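Trainee: 3D, please:
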Amino acid sequence: MVVGGVLLFVVGAILAFGVSFAVPGVSMWVIGIILMIAGAVLFIVGLVAMMRRRGATTVERTAVDPATGNSVRSSTTNVDPPA
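Mentor: Down below sits the predicted model:
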């Protein structure tokens, strides 16, 4: 999402400030500004989503208890703290 936001922003800036041709009934400046705003919003949403992502690791062990012959299963989950 972050890369898409940057691309939208760049395309919007090109349309708003770098295009000299005119299309009847269409304002390239307005379209460029709209794309720049959408790109900035997408960039911020992507950064927030990246910061909220947390990792978890689960380790499972299975062993046989030599005294009883029963199968013993243990599971441990480690969760990364939020950034």
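Trainee: okay, now the unreliable bits of this protein?
Mentor: 53-55, 80-83 (pLDDT under 70).
Trainee: skipping its backbone neighbours, what lies nearest the residue most central in space within the chain in space?
Mentor: Closest to where the C-alpha atoms of the chain average out (C-alpha atoms, centre = their mean) is residue 46, at 4.0 Å. Excluding the flanking residues, the one nearest residue 46 by C-beta to C-beta, 6 or more residues apart in numbering is residue 1, at 3.2 Å. Just so you know, the C-beta spots here come from the backbone N, C-alpha and C atoms, and that holds for glycine as well.
Trainee: can you give me the helices in this protein?
Mentor: Ranges of helices within the chain are 2-13, 28-52, based on DSSP state H.
Trainee: nearest to residue 66, of these?
Mentor: helix 28-52 (45.4 Å; C-beta to C-beta).
Trainee: any idea what residue 78 is bridged to?
Mentor: residue 57 (DSSP bridges).
Trainee: what is the burial count for it?
Mentor: 9 (other C-beta atoms under 10 Å).
Trainee: what sits against it?
Mentor: The neighbours of residue 78, taking C-beta atoms under 8 Å, 6 or more residues apart in numbering as the test, are 56, 57, 58, 59.
Trainee: list buried residues within the residues you listed.
Mentor: Buried members of the contacts of residue 78, scored by 16 or more other C-beta atoms under 10 Å: none.
Trainee: okay, these in a markdown table with distance to residue 73 next?
Mentor: Shown next, in a markdown table, are the contacts of residue 78 (distance: C-beta to C-beta, whole Å):
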| residue | distance to residue 73 |
| --- | --- |
| 56 | 19 |
| 57 | 17 |
| 58 | 12 |
| 59 | 12 |
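Trainee: is the residue nearest to residue 65 when sequence neighbours are not counted in a bridge, and if so with what?
Mentor: Nearest non-adjacent residue to residue 65, counting by C-beta to C-beta, 6+ apart: residue 72, 5.3 Å away. Beta-bridge pairing of residue 72 under DSSP bridges involves residue 63.
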